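Chemist: got a predicted structure here, sequence first:
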Amino acid sequence: MLRYLWLLLPLLVSCSDEKEYTPVTESGYEYLLNLPQTPYNYSLNLPGYFTTNDNGFLPSAINGTDNTPDNNPITDYGATLGRVLFYDVNLSLNRTTACGSCHRTERAYADNGAFSTGLYGESTRRNSMTLVNSRFYKRGHFFYDERANTLEDQALLPIVDVKEMGLTLDQISLRVAAEPYYAKLFKDAFGDSHISNIRIADALSQFIRSMVTYDAKYDRGRVQVANMADDFPNFSAQENRGKFLFLKPFSEGGLACYGCHTTEAFVSPNSGPINNGLDLNTAADQGAFEHYPNNINMKGAFKIPTLRNIQLTGPYMHDGRFHTLMEVIDFYDSGVQNHPQLSPFLKDTNGQPRQLHLSQEDKVALLLFLNTLTDPAIFSDPRWTDPFINQHL
C-alpha cells in the first residue's frame, strides 16, 4: 500500500506503463508520489573499518568528521521529506527544474556536463559537485568556494539563484505550502504541518547527508583485510598496484593521493580548499578567495570532492575541463602549473610543481583502482531516487 499515491482509478491501468498513466489534476496538482507506507530506513550502518583506524600514516576512520549538527539529526521521515523536496520542480520559478536536475542519480548526484543548465537554459558558473559523502567533510562548508558555512545554509541557495531555480526566499515556503502532499510530510517529519524555510533546509540537508555508499568493489575487498594498504584478495594485480600508488607517500614509492582524499570516505582532510595548479592565472575564477578575500592562499583554490563513485561524476574539476579520469591522471602527472598559491602538496623539494613521471602501466593501474570506488547501489537505491511518478528530470 502506498501512502502518498493519488490515482485517478478509472483511467489507470498500470503506473509502470507511462502510456496508460493519467495524472490527477484535481485540487491543482499534477505530480503523484510513490512513497512507502513505512518510510525507508535512513539510518547509517557502516562497516567496522569505517570507524576503526588501521594505523596508517593518515587516519582511515571517519570518526570525528561527521558534520551533522546536533539540532538536525537524520530521521526517516525528515529524509523522506527532503527527498520529495529535492525532486520537486515546483521549487523553481517556472516549475521546470529541481535540485535533482543538476545532481543526477545516474551520475552519483553530480551532473553529466561541465556546467549545469538552469531554469531558462543558462549555464551555471561551475560544475555540479557530487553530493555523496557530504556528511564526512569535517569543515562542513559547501560549494567549490565554500561560501556556505553549513549544508543547511547551502540547501536553499540554488533555489534562490537566478540562473538555477529563480525563486525568492519569500516564495520558497509559499510554493511548498501550495502543494497538498506536503502538510502530511511536514507533520511526520517535524510533529506539525507548519512549513518554513528553516524546515525545508533541514529536510533537504537530512536527505543529502543520508547519501553514503559502502558497497563498491573496494569495500568488498576492504572488509577482507586488516589494513587498507594490504593487497585486496578480490583485486587484480593492476588494481592493487593502483591502490599502492594512491595510498603510499612519495618516500615509499607512492603518489600521496591519499593525503588529499583521505579516510574510508575518500574525502578532503580538514585543510580546506587548495590551488591544484590548473592555471597560472586564475583571475577568471579565484575560487575560495572570493569568499575569503583576506587569505591570499585561497586564490584559485577550490574544495576537494570525494573520490567515491568518481568513475560516474565526470567531467572533472570545478570547470569540468577534463572529460575523463585519464585526463585527470595525465594532468597530475605532468600538467600542474606553478601558480603562486599552488598547494605545497603538489610541489617537489625545490618548490616546483611535482612531476610524477608515471609509466602508462601505472597510469592504467591508478585508473583501475579509482574505478573500484564505484558503488552500483548509488543509482538503484530507492531511498534516493525520484519519488514523482512519470517525471523525467
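Modeler: Sure thing, it's come through. If you're wondering where the values come from, they're calculated on a predicted model, not measured in any experiment. Numbering: from 1, shown residues only.
Chemist: measure how buried D231 is and give me the count.
Modeler: D231 has 13 neighbouring residues, counting by other Cβ atoms under 10 Å. No exception for glycine: its C-beta is placed from N, CA and C like everyone else's.
Chemist: how far away is it from F266?
Modeler: Separation of D231 from F266 (Cβ to Cβ, to the nearest Å): 19 Å.
Chemist: do the same with A216
Modeler: From A216 to F266 the distance is 10 Å (Cβ to Cβ).
Chemist: what sits in contact with each of those two?
Modeler: Residues touching both A216 and F266 (Cβ atoms under 8 Å, 6 or more residues apart in numbering): 308, 373.
Chemist: the more surrounded of these two?
Modeler: More crowded of A216 and F266, by other Cβ under 10 Å: F266, with 24 against 20.
Chemist: tell me the secondary structure for the most centrally placed residue in the chain?
Modeler: Closest residue to the average C-alpha location of the chain: L131 at 1.5 Å, with Cα atoms, centre = their mean. Local secondary structure at L131 is given as coil here, using DSSP: H, G, I helix; E, B strand; the rest coil.
Chemist: in this structure it contacts I208, no?
Modeler: Yes - assessed by Cβ atoms under 8 Å, L131 is found in contact with I208 at 5.1 Å.
Chemist: intersection of neighbour lists for the two?
Modeler: If you check L131 and I208 against Cβ under 8 Å, 6+ apart, no residue is contacted by both.
Chemist: what's the nearest residue to the residue nearest to the centre of the chain if we skip its chain neighbours?
Modeler: Once flanking residues are discounted, L131 sits nearest to Y109: 4.1 Å by Cβ to Cβ, 6 or more residues apart in numbering.
Chemist: state the pLDDT value of A203.
Modeler: At A203, the pLDDT value in this model is 98.
Chemist: any idea which helix or strand comes after the one helix or strand it maps to?
Modeler: Per DSSP states H and E: A203 is located in helix 197-209. Next along the chain after helix 197-209, taking DSSP H and E as the criterion, comes helix 217-222.
Chemist: buried residues, stretch 80-100. List them.
Modeler: By neighbour count on 16 or more other Cβ atoms under 10 Å, the buried set for stretch 80-100 is 80-93, 97-100.
Chemist: can you flag which of those belong to helices?
Modeler: Cross-referencing those against helices under DSSP state H gives 80-86, 99-100.
Chemist: outline the domain layout of this structure.
Modeler: The chain breaks down into these domains under automatic domain parsing: 36-56+67-212, 217-376.
Chemist: out of those domains, which comes closest to P382?
Modeler: domain 36-56+67-212 (6.7 Å; Cβ to Cβ).
Chemist: thinking again about what came up before, so for the residue nearest to L131, what's the pLDDT?
Modeler: 96.
Chemist: R139 now?
Modeler: According to the prediction, R139 has pLDDT 94.
Chemist: give the contact list for it.
Modeler: Neighbour list for R139: 67, 146, 268, 270, 272 [criterion: Cβ under 8 Å, 6+ apart].
Chemist: make it 6 Å
Modeler: R139 makes contact with 270, 272, according to Cβ atoms under 6 Å, 6 or more residues apart in numbering.
Chemist: wasn't it part of a helix?
Modeler: No - counting by three-state DSSP, R139 is located in no helix; its state is coil.
Chemist: from N72, how far off is it?
Modeler: R139 is 17 Å from N72, by Cβ to Cβ.
Chemist: and the residue lying closest to F244 once chain neighbours are set aside, what pLDDT?
Modeler: Leaving aside its sequence neighbours, F244 sits nearest to G254 (Cβ to Cβ, 6+ apart; 6.3 Å). At G254, the pLDDT value in this model is 96.
Chemist: oh, and call the first residue 898 from now on, that's how I've got it
Modeler: Done: numbering now begins at 898, and the last item shifts to G1151.
Chemist: I figured G1151 was touching L1142, is that so?
Modeler: Yes - using Cβ atoms under 6 Å, G1151 is in contact with L1142, at 5.4 Å.
Chemist: the more surrounded of these two?
Modeler: A count of neighbours by other Cβ under 10 Å puts L1142 above the other of G1151 and L1142, at 21 against 17.
Chemist: who's in contact with the more buried one?
Modeler: 1151-1152, 1263.
Chemist: could you redo the last one with a cut-off of 7 Å?
Modeler: L1142 makes contact with 1151-1152, 1259, 1262-1263, according to Cβ atoms under 7 Å, 6 or more residues apart in numbering.
Chemist: now N1046
Modeler: Shown in contact with N1046 (Cβ under 7 Å, 6+ apart): H1038.
Chemist: distance of it relative to V981?
Modeler: As defined by Cβ to Cβ, N1046 lies at a distance of 26 Å from V981.
Chemist: kindly report the same for F1132.
Modeler: F1132 is 39 Å from V981, by Cβ to Cβ.
Chemist: show me where the stretch 898-1047 of the chain has helices.
Modeler: Secondary structure of the stretch 898-1047 of the chain (DSSP state H, counting those that start in this stretch): helices located at 973-983, 996-999.
Chemist: who's in contact with the last one?
Modeler: Contact with helix 996-999 is made by 983-984, 1008, 1013, 1025, 1055, 1283, 1290, as judged by Cβ under 7 Å, 6+ apart.
Chemist: can you add distance to D1085 and secondary structure and give the contacts of L1142 back as JSON lines?
Modeler: Formatted as JSON lines, the contacts of L1142 follow (distance: Cβ to Cβ, whole Å; DSSP: H, G, I helix; E, B strand; the rest coil):
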{"residue": "G1151", "distance to D1085": "49", "secondary structure": "coil"}
{"residue": "L1152", "distance to D1085": "48", "secondary structure": "coil"}
{"residue": "D1259", "distance to D1085": "52", "secondary structure": "helix"}
{"residue": "A1262", "distance to D1085": "49", "secondary structure": "helix"}
{"residue": "L1263", "distance to D1085": "46", "secondary structure": "helix"}
